[in-house]
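next comes the sequence, and after it the predicted model I'd like to discuss.
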Protein chains: 2
Amino acid sequence: MHEFELIKKYFSKLSKKNKSALNLNDDVFFDKKKELVISIDTYNNKNHFINFNEPDLVIKKIIRSSISDLICKGVQPKFYFISGSGNKKSFSNNNLLKISKSLKKEQKKYGIFLCGGDTTFSNKLSFSVTSVGYSKKIIYRNKARINDDIYVTGNLGDSFMGLQILKKKIKFNKKINDYFINKYYKPDIQLKIAKKLSIFANSSIDISDGLIADLEKLLNEQNYSYEININKIPISKYLSKLIKIYKFTKSKLISNGDDYQVLFTAPGIKSRIIDRTSKILGIKITKIGKIVNGNKKSHIIDEKGKKIVLKNKGYIHKF
Amino acid sequence: MHEFELIKKYFSKLSKKNKSALNLNDDVFFDKKKELVISIDTYNNKNHFINFNEPDLVIKKIIRSSISDLICKGVQPKFYFISGSGNKKSFSNNNLLKISKSLKKEQKKYGIFLCGGDTTFSNKLSFSVTSVGYSKKIIYRNKARINDDIYVTGNLGDSFMGLQILKKKIKFNKKINDYFINKYYKPDIQLKIAKKLSIFANSSIDISDGLIADLEKLLNEQNYSYEININKIPISKYLSKLIKIYKFTKSKLISNGDDYQVLFTAPGIKSRIIDRTSKILGIKITKIGKIVNGNKKSHIIDEKGKKIVLKNKGYIHKF
């Protein structure tokens, strides 16, 4: 059963009477009266991250993934809690020192600070991160409007390529390998857009499970479909080069998740202010498609202008 | 290394500039300006709970343990988040239904509601619970005063006996077994005292690791010691009976943790109002000792009036 089906079936009724929980149907909890926004995520070794030989990098990925949930809702993260479960080896003095130093750098980069957490003994390594911010409003899922344009920040696919390299499924020269691995561990999350997003976005989500999977979550309860143009999906010059040299299929590379970019919809009249915001903040923001009326009409225009349906809709937690 | 030494060494500097985090030296995060109180805990199978054959009971224990962190600070829990990691078997439809029903009952009993969380796949079962409340003030650790009386709510030791029965280390008749197992899974946390505690308590903590271990945490940064009278430590009539019949040593039974009672200190002049509060709320509140000046003077008066030092200072998470 997919994670959100599971939550819906067994747990959404437990929060039914409470508006703030958004019926467990969004990335965050939002208490409007208290202006409080909270996001919680658990990261398990070998599932959400690999290679704890580099704990400093793993911790960066985890923290960025967590605060990305707030950023994509238009909320600046303010503080975080981290709970670690692991054994003596994972939490050796050397590793703890690395983790601590790495957290310090992330704190400075994103203006956040550690507020608590705990450590428990377990042979299975995992982390749970709670990120908190204060905001008068948030941008929700399920609020797209017909004819909204679909936008995405930054580039997609680099992180997935990094993971393939880490898993030794593919190999390039050191420079290329390092570039992609770096993008896997240190995704370019877009802190600066948090403050601006509510000026133009009707609906938003971050891309953690994959462009298509997250787009479907964004529209989940709405009777709308999407049209995405593969040619418009932003990728790095490195990924673009690989596609040319190795004849990779772009559509297969850009919907695997771990991108932590912001996916949002906005009405056509906002396109000028979006372009201006992009320039002022120095953040790439690309129009990649649009919202169309009706159900089951979602489609993708491939590199050659043909309609296709992606087989891999992106990673969804399964049970 | 003990959990709090570990936190102090590697992580407390990450929250140094932030008063709300209480230098990671308390049970909760408290943002005074926003009146926000947050507690986070992780519970691992076979370490923090056993026997997931009864997921409904395990989930009760976890939820109560989590909100106990707020209650002992004088804060009413308002909502909670739960993140579960487990496999198909742990999160079978049947188990999820049991968990969901059990949460519903806890929500009603304690006036809390589910606000979010996530489920991730893992062969190691664990839960992370975040509890949140709003309060203008909290009762801190490290604020005891010389000559303060030491109080504890409810009874101690029942939960430990329940765990011994569950681990098959000891066995009584069904009625007795059920009584203690029930106390292990469903500790009598004292919701009603949350609102009253700040009227009289100078300092407080909940008993999760054991009376002595938590008392030492309560005084951690203070140059004070404690004097505890074993005869005064409140136990149930069931535990009292077992002590008589089986010649158990009381001091060995009452400091093993999982009690989730409130341990607090209060000045002598508050004793009348504490007695009155106890009667009005119908909560047992017992004076068990007092705070004395100076370091390394902590001692326990045993059943026969002799000074003793407990060997087992209660469970502290070790790495």
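Here it is on my side, so go on.

quick one: the strands in chain A?
Along chain A, counting by DSSP state E, strands occupy A:29-31, A:36-44, A:79-86, A:113-121, A:126-134, A:149-153, A:203-206, A:224-229, A:262-266, A:285-293, A:299-301, A:307-308.

would you reformat these as CSV and include mean pLDDT, distance to A:Asn94 and mean neighbour count?
Yep, even glycine has a C-beta here, placed from its N, CA and C like the rest. Rendered in CSV, the data for the strands of chain A read as follows (pLDDT from 0 to 100; distance: least, CB to CB, whole Å; neighbours: other CB atoms under 10 Å in any protein chain shown):
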stretch, mean pLDDT, distance to A:Asn94, mean neighbour count
strand A:29-31, 91, 36, 24
strand A:36-44, 90, 21, 25
strand A:79-86, 90, 13, 25
strand A:113-121, 83, 16, 22
strand A:126-134, 93, 18, 26
strand A:149-153, 98, 36, 24
strand A:203-206, 97, 32, 26
strand A:224-229, 94, 45, 20
strand A:262-266, 98, 36, 26
strand A:285-293, 96, 41, 19
strand A:299-301, 90, 47, 18
strand A:307-308, 81, 49, 12
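
now those in a markdown table, with distance to A:Lys105?
Formatted as a markdown table, the entries for the strands of chain A read as follows, by distance: least, CB to CB, whole Å:
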| stretch | distance to A:Lys105 |
| --- | --- |
| strand A:29-31 | 28 |
| strand A:36-44 | 19 |
| strand A:79-86 | 14 |
| strand A:113-121 | 12 |
| strand A:126-134 | 16 |
| strand A:149-153 | 22 |
| strand A:203-206 | 21 |
| strand A:224-229 | 35 |
| strand A:262-266 | 22 |
| strand A:285-293 | 26 |
| strand A:299-301 | 38 |
| strand A:307-308 | 42 |
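
so which of the ones you listed gets nearest B:Lys78?
Ranking the strands of chain A by distance to B:Lys78, with CB to CB as the measure, places strand A:29-31 first at 9.0 Å.

grab the nearest non-local neighbour of the residue of the stretch 151-300 of chain A found nearest chain B.
Of all residues in the stretch 151-300 of chain A, A:Ser208 sits closest to chain B, with a separation of 10.9 Å (CB to the nearest CB). Counting by CB to CB, 6 or more residues apart in numbering or on different chains, A:Gly257 is the residue found nearest to A:Ser208 once chain neighbours are left out, at 5.7 Å.

now A:Lys186
In space, A:Lys186 comes closest to A:Lys60 once its chain neighbours are excluded; the distance is 5.4 Å by CB to CB, 6+ apart.

can you pull the contacts of A:Tyr110?
By CB atoms under 8 Å, 6 or more residues apart in numbering or on different chains, A:Tyr110 lies in contact with A:63-64, A:67, A:77, A:189, A:191.

so which of those residues are in helices?
Residues from the contacts of A:Tyr110 lying in helices, with DSSP state H as the criterion: A:63-64, A:67.

give me the number of neighbouring residues for the closest residue to chain B within the stretch 101-250 of chain A.
Distances between the stretch 101-250 of chain A and chain B by CB to the nearest CB are smallest at A:Lys124, namely 3.3 Å. By other CB atoms under 10 Å in any protein chain shown, the residues close to A:Lys124 number 19.

name the nearest residue to it, ignoring sequence neighbours.
Setting aside the residues directly before and after it, A:Lys124 is nearest to B:Lys124 in space (CB to CB, 6+ apart), at 3.3 Å.

picking up where we left off before, CSV for the ones in helices among the contacts of A:Tyr110, including neighbour count and distance to chain B?
CSV is the format used below for the ones in helices among the contacts of A:Tyr110 (neighbours: other CB atoms under 10 Å in any protein chain shown; distance: CB to the nearest CB, whole Å):
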residue, neighbour count, distance to chain B
A:Ile63, 26, 11
A:Arg64, 20, 16
A:Ile67, 30, 15
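
adding pLDDT, write these out as TSV.
As requested, those are exported to TSV (pLDDT from 0 to 100):
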residue	pLDDT
A:Ile63	97
A:Arg64	97
A:Ile67	97
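
tell me which of these is nearest to A:Phe11?
For the ones in helices among the contacts of A:Tyr110, the nearest to A:Phe11 is A:Ile67 (24.2 Å; CB to CB).

contacts only, for the residue nearest to the closest one when sequence neighbours are not counted.
Across the structure, with CB to CB, 6+ apart as the measure, the residue nearest A:Ile67 apart from its sequence neighbours is A:Pro77 (3.9 Å). Going by CB under 8 Å, 6+ apart, A:Pro77 touches A:66-67, A:70-71, A:110-112, A:131-133, A:191, A:194.

7 Å instead?
A:67, A:70-71, A:110, A:112, A:131, A:133 (CB atoms under 7 Å, 6 or more residues apart in numbering or on different chains).

what's the closest of these to A:Ser278?
Proximity to A:Ser278 was ranked across the contacts of A:Pro77 by CB to CB; first place goes to A:Ile71, at 15.7 Å.

looking at it, the closest one is touching A:Leu191, isn't it?
Yes: applying CB atoms under 7 Å as the test, A:Ile71 and A:Leu191 come out as touching, 6.0 Å apart.

ok, these two, which is more surrounded?
More crowded of A:Ile71 and A:Leu191, by other CB under 10 Å: A:Ile71, with 29 against 20.

so who does the nearest residue to that one once chain neighbours are set aside touch?
Nearest in space to A:Ile71, with sequence neighbours left out and distances taken as CB to CB, 6+ apart, is A:Ala194 at 4.6 Å. For A:Ala194, the contacting residues are A:71, A:74-76, by CB under 7 Å, 6+ apart.

report the separation between A:Ala194 and B:Lys171.
Distance of A:Ala194 to B:Lys171, given as CB to CB, to the nearest Å: 58 Å.

low-confidence ranges in the stretch 201-319 of chain A?
Within the stretch 201-319 of chain A, the set of residues satisfying pLDDT under 70 comprises A:309-319.

residues contacting the nearest residue to A:Asp148 once chain neighbours are set aside?
What sits nearest to A:Asp148 in space, not counting adjacent residues and going by CB to CB, 6+ apart, is A:Thr265, at 3.8 Å. In this structure, A:Thr265 makes contact with A:144, A:148-150, A:201-203, A:291, judged by CB under 7 Å, 6+ apart.

what does the stretch 151-300 of chain A put close to chain B?
By the rule CB under 7 Å from any CB of the partner chain, no part of the stretch 151-300 of chain A lies against chain B.

for the stretch 151-300 of chain A, just list every one of the helices.
For the stretch 151-300 of chain A, applying DSSP state H, counting those that start in this stretch gives helices covering A:158-166, A:174-185, A:197-200, A:211-219, A:237-246, A:250-253, A:271-281.

and for the residue lying closest to A:Ile170 once chain neighbours are set aside, the neighbour number?
Using CB to CB, 6+ apart and skipping the chain neighbours, the partner closest in space to A:Ile170 is A:Gln164 (4.7 Å). For A:Gln164, the tally of surrounding residues (other CB under 10 Å) stands at 15.

wait, doesn't the residue nearest to A:Ser208 sit right on A:Asp206?
No: assessed by CB under 7 Å, A:Gly257 is found out of contact with A:Asp206, at 10.1 Å.

list residues touching both of those two?
The overlap between the contact sets of A:Gly257 and A:Asp206 (CB under 7 Å, 6+ apart) is empty.

and chain A, what are its domain boundaries?
Structural domains annotated on chain A: A:3-134, A:149-305, as defined by automatic domain parsing.

highest average neighbour count across those domains?
Between the domains of chain A, the one whose residues have the most neighbours on average, counting mean count of other CB atoms under 10 Å in any protein chain shown, is domain A:3-134 (a mean of 21).

how far away is the closest residue to A:Phe79 other than its chain neighbours from B:Ser204?
Counting by CB to CB, 6+ apart, the nearest residue to A:Phe79 once its immediate chain neighbours are dropped is A:Cys115, at 4.4 Å. With the distance defined as CB to CB, A:Cys115 ends up 20 Å from B:Ser204.
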